[in-house]
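**Q** Could you work out the structure for the sequence below:
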Amino acid sequence: MQSTGPLRFRPLQGVRVLSLALNLPGPAALLRCRLMGARCSKIEPPAGDPMLAFNPSAYVQLHDHIRVLKLDLKSKAGLSRLHQALTRCDVLLTSFRPSALRRLGLGWRALHRTYPQLSQVAIVGGPGAQAEIPGHDLTYLAEHDLVSELNLPTTLFADMSGALMASEAVLQAVLHQRMHGQGVYREVALSQAAAWLALPRAWGLTQAKGVVGGAHAGYKVYACKDGRVCVAALEPHFAKGLCEAAGISASDFKAMNAATTHQALTKFFQSRTCKQLEKLASQNDLPLHTLPR
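**A** Numbering: from 1, shown residues only. As a prediction, the model looks like this:
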């Protein structure tokens, strides 16, 4: 896939990242690190990563060119092998609750004392004390009003944005180590990743009366003759071009919010097929994308 292809600029070239993180956010963050040039390895429990059972193809893609070792960290032998790996590691990526890490002797204070140059990026559910509260992508999105009625979100927004924030935190940790000669602790809370994604909604932009929430007739999903069309003619020149192509007299911002403009565009799109609308977009340089019903 293009989105996970190699990056020409590899800022983590030579950096060694070891992950204990399971499921989606940790492996996705580790993959991003590998694409930025890091040497990545991962330790899984004897039963493996649950993602392998949930979706084998996703697991394979997430772990492409990543060395995976199975260890029982509850055993002395497994913990000993982990510590051997930590001596050759620059960044440790985790997704356990803080209390679970402390029980394994892997709390940040203990790690930093033993491995002063090692950094840790800890993926947690909530910040600070909230890291002990159980949760998943769905609950973090719900916390920030990103769940609509009884519908499940169309993707795992908190997990994937949290993975991006975690790979960013790895970059921050490496930069800190190079500047100060010692490791640093960085916490990435998935609930805060959801909060970051929710900012446009909190600002009112995506609320029903917001400019990209349905109030602007040029930024909306319409039904067409044989499917749907997603229109993103937000800027004045795009809005004007859309209205001219549809034979509608509306060119300023106020007119694009008017009920008459919504009604006219609704009628126009309902009379055109997806193919006709794609041709219209090409001819008039309009940002729209058609979808089947």
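
**Q** which of the residues in stretch 191-206 are buried?
**A** 191, 192, 193, 194, 195, 197, 198, 206 (16 or more other C-beta atoms under 10 Å). In short, each C-beta sits where N, CA and C put it, glycine included.

**Q** quick one: which of those is nearest to residue 22?
**A** Proximity of the buried residues of stretch 191-206 to residue 22 (C-beta to C-beta) peaks at residue 193, which lies at 17.3 Å.

**Q** so is that closest one in a helix, a strand, or just coil?
**A** Secondary structure state of residue 193, per DSSP: H, G, I helix; E, B strand; the rest coil, is helix.

**Q** Please name every helix or strand in contact with the host helix or strand of residue 265.
**A** In the assignment (DSSP states H and E), residue 265 maps to helix 259-270. Other helices and strands packing on helix 259-270, by 3 or more C-beta pairs under 8 Å, 6 or more residues apart in numbering; DSSP states H and E, are strand 219-224, strand 227-232, helix 236-246.

**Q** The second one vs strand 219-224, what angle?
**A** By that I understand strand 227-232. 160 degrees (axes from the mean of the first three to the mean of the last three C-alpha atoms, to 10 degrees).

**Q** Check the longest one too.
**A** Following the same axes, to 10 degrees, one obtains 20 degrees for the angle between helix 236-246 and strand 219-224.

**Q** how about the helices of the chain, start to end?
**A** 25-35, 50-54, 56-62, 76-86, 98-103, 108-114, 137-143, 157-180, 190-197, 199-202, 236-246, 253-256, 259-270, 274-284 (DSSP state H).

**Q** Okay, buried residues for the longest one please.
**A** What that stands for is helix 157-180. 157-167, 169-171, 173-174, 176-177.

**Q** for the last one, same thing?
**A** If you call a residue buried by 16+ other C-beta under 10 Å, then helix 274-284 has these buried ones: 274, 277, 278, 280, 281.

**Q** Mind putting those residues into TSV with pLDDT and distance to residue 21?
**A** Formatted as TSV, the buried residues of helix 274-284 follow (pLDDT from 0 to 100; distance: C-beta to C-beta, whole Å):
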residue	pLDDT	distance to residue 21
274	97	42
277	97	44
278	97	42
280	96	47
281	97	42
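
**Q** burial of residue 114, as a residue count?
**A** Neighbour count for residue 114, taken as other C-beta atoms under 10 Å: 13.

**Q** what does residue 69 give?
**A** Residue 69 has 13 nearby residues by other C-beta under 10 Å.

**Q** Touching, residue 191 and residue 158? I think so.
**A** Yes: counting by C-beta atoms under 8 Å, residue 191 touches residue 158, with 7.3 Å between them.

**Q** what about the helix or strand of the chain with the lowest mean pLDDT, distance to the chain center?
**A** When the helices and strands of the chain are scored by mean pLDDT, DSSP states H and E, helix 253-256 comes last with a mean of 87. For helix 253-256, the gap between its own C-alpha mean and the chain's C-alpha mean amounts to 33 Å (C-alpha atoms, centre = their mean, to the nearest Å).

**Q** repeat for stretch 8-28
**A** With C-alpha atoms, centre = their mean, you get 15 Å for stretch 8-28.

**Q** Any buried residues in that stretch, and which?
**A** So stretch 8-28, judged by 16+ other C-beta under 10 Å, has buried residues 12, 15-28.

**Q** ok, those vs residue 149, which is closest?
**A** Using C-beta to C-beta, the buried residues of stretch 8-28 come closest to residue 149 at residue 24, 24.4 Å.

**Q** Need the phi and psi values for the closest one.
**A** phi -110, psi -50 (degrees, to the nearest 10).

**Q** Excluding chain neighbours, what is closest to it?
**A** residue 159 (4.5 Å; C-beta to C-beta, 6 or more residues apart in numbering).
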